[in-house]
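> Below are the sequence and a predicted model for it; my questions follow.
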Amino acid sequence: MYAFHRLRATHVYFYKSCNFLKIELLKIFQTAPFSRSSQNCIVNGIQCSNEPWVVEIIVLHRQKWKHLCGGTLIHPNWVVTAAHSFFHPGKENQPFAPKNAYKVCIGSPKLCSGIQYNISAIHHPSFEITWDRKLVLNDLALIKLPLSIPDHLASPIPLATNSKECYVNRTGYIFGWGATTKNERDINDFSPYLQKGSVTIADNSQCSDITARLDDGKICIDCDQSPSVACNGDSGGPLVVKQENGRFVLIGISSYGDRNYENWDIYTRITAHLEWIHHIIKFHDVELFMNDQKNLIDTSLD
């Protein structure tokens, strides 16, 4: 979650975040100070206790496990995250690491901690990205866990289900272990503990004027009106809104940001992909999943 400087690119930048990507990322992106017309700094996220549905995905590199991105537990056996995190930046369709090089960390707000499970990711079949940063579609992946996560360790969050709800001008909340450094060249400076920030959700038509390709499958965040913004390391993390009873519902997944105008962050909209999510999980136990989600929603309305 960050801060004073952010990666600058021709059109968008991704919160691709591994510290061992330092050289590769600097080849792809140019660095420049981040500034606002109305302020000379961005308020950082705040450290928070472990949210029971926020998870961290780590990757094996040079015999060490490193932070990759965030994710969200939506079922005792399933996590949702961003598809682009599993592909090498700047090299279309090239996996970032072997399939057996990923784990998920659950149950701890501390970086690279908690209970760890080996995982495999299922990317959205229509996921598409061009690394000239002109096209990003269906940036979503599901991760099947090897066993059900017990309630005392973590608990799923309900998914948003109302596709007509746009959440414009609502306050959303983001979570992650992303970069906090002021020096954008030192992109390996992740938060040692989970951070929480608040953001303002904008109308997609405003954002489309800038990104040109913002479809209904995305949610736009107005950075100028947001106390916090996502940064390197926050990809795949949740965008949630608080209901009247104070409980959260998942509406988006952190994807990318527009760097030409430095005003917008883009999230993958959950309600646009419910059918695919349900289709994938039905191979595990769709009835159980639907019942779990109904129970979560019913409980959140208590």
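Here it is on my side, so go on. Residues are numbered from 1 along each chain as shown.

> least trustworthy helix or strand in the chain by mean pLDDT?
strand 30-33 (a mean of 26; mean pLDDT, DSSP states H and E).

> just checking, next helix/strand downstream of that strand?
strand 46-47 (DSSP states H and E).

> now for that next one, which elements pack on it?
Based on contacts counted as 3 or more Cβ pairs under 8 Å, 6 or more residues apart in numbering; DSSP states H and E, the elements that strand 46-47 packs against are strand 195-202. For glycine as for every other residue, the C-beta is placed from the backbone atoms N, C-alpha and C.

> on contacts alone, who are the packing partners of the strand it packs on?
When contacts are defined as 3+ Cβ pairs under 8 Å, 6+ apart, strand 195-202 sits against strand 46-47, strand 171-176, strand 218-222.

> So what are the sheet partners of that strand and their directions?
Taking DSSP bridges as the criterion, strand 195-202 forms sheet pairs with strand 46-47 (antiparallel), strand 171-176 (antiparallel), strand 218-222 (antiparallel).

> and it, average pLDDT?
The average pLDDT for strand 195-202 rounds to 91.

> for stretch 157-174, same thing?
92.

> Now that stretch: buried residues?
Neighbour-count burial for stretch 157-174 flags 157-160, 166-167, 172-174 (criterion: 16 or more other Cβ atoms under 10 Å).

> Format those as a markdown table; extra columns: distance to residue 94.
Shown next, in a markdown table, are those (distance: Cβ to Cβ, whole Å):
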| residue | distance to residue 94 |
| --- | --- |
| 157 | 32 |
| 158 | 35 |
| 159 | 31 |
| 160 | 33 |
| 166 | 35 |
| 167 | 35 |
| 172 | 32 |
| 173 | 33 |
| 174 | 28 |
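
> Among those residues, which one lies nearest to residue 216?
For the buried residues of stretch 157-174, the minimum distance to residue 216 (Cβ to Cβ) is 9.4 Å, reached by residue 166.

> What separation do you get for that closest one and residue 275?
Taking Cβ to Cβ, to the nearest Å as the criterion, residue 166 is separated from residue 275 by 19 Å.

> swap in residue 268?
14 Å.

> same thing with residue 106?
Distance, residue 106 to residue 275, by Cβ to Cβ: 27 Å.

> Between these two, which has more neighbouring residues?
Using other Cβ atoms under 10 Å as the criterion, residue 106 and residue 275 rank with residue 106 on top: 24 against 9.

> Which pLDDT value does the model give that one?
Per-residue confidence (pLDDT) for residue 106: 96.

> about what we covered before: CSV for the helices and strands packed on strand 195-202, including distance to residue 282?
Listed next are the helices and strands packed on strand 195-202 as CSV, based on distance: least, Cβ to Cβ, whole Å:
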stretch, distance to residue 282
strand 46-47, 38
strand 171-176, 28
strand 218-222, 25
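
> With residue 68 as the reference, name the closest of the ones you listed.
Across those, closest to residue 68 is strand 171-176 (Cβ to Cβ), at 11.4 Å.

> Residue 243 is nearest to which of the helices and strands packed on strand 195-202?
strand 171-176 (11.9 Å).

> And the contacts of that closest one?
By Cβ atoms under 8 Å, 6 or more residues apart in numbering, the residues outside strand 171-176 that reach it are 1, 45, 48, 51, 54, 70, 191, 194-201, 221, 228, 230, 233-234, 237-242, 248, 251-252, 254.
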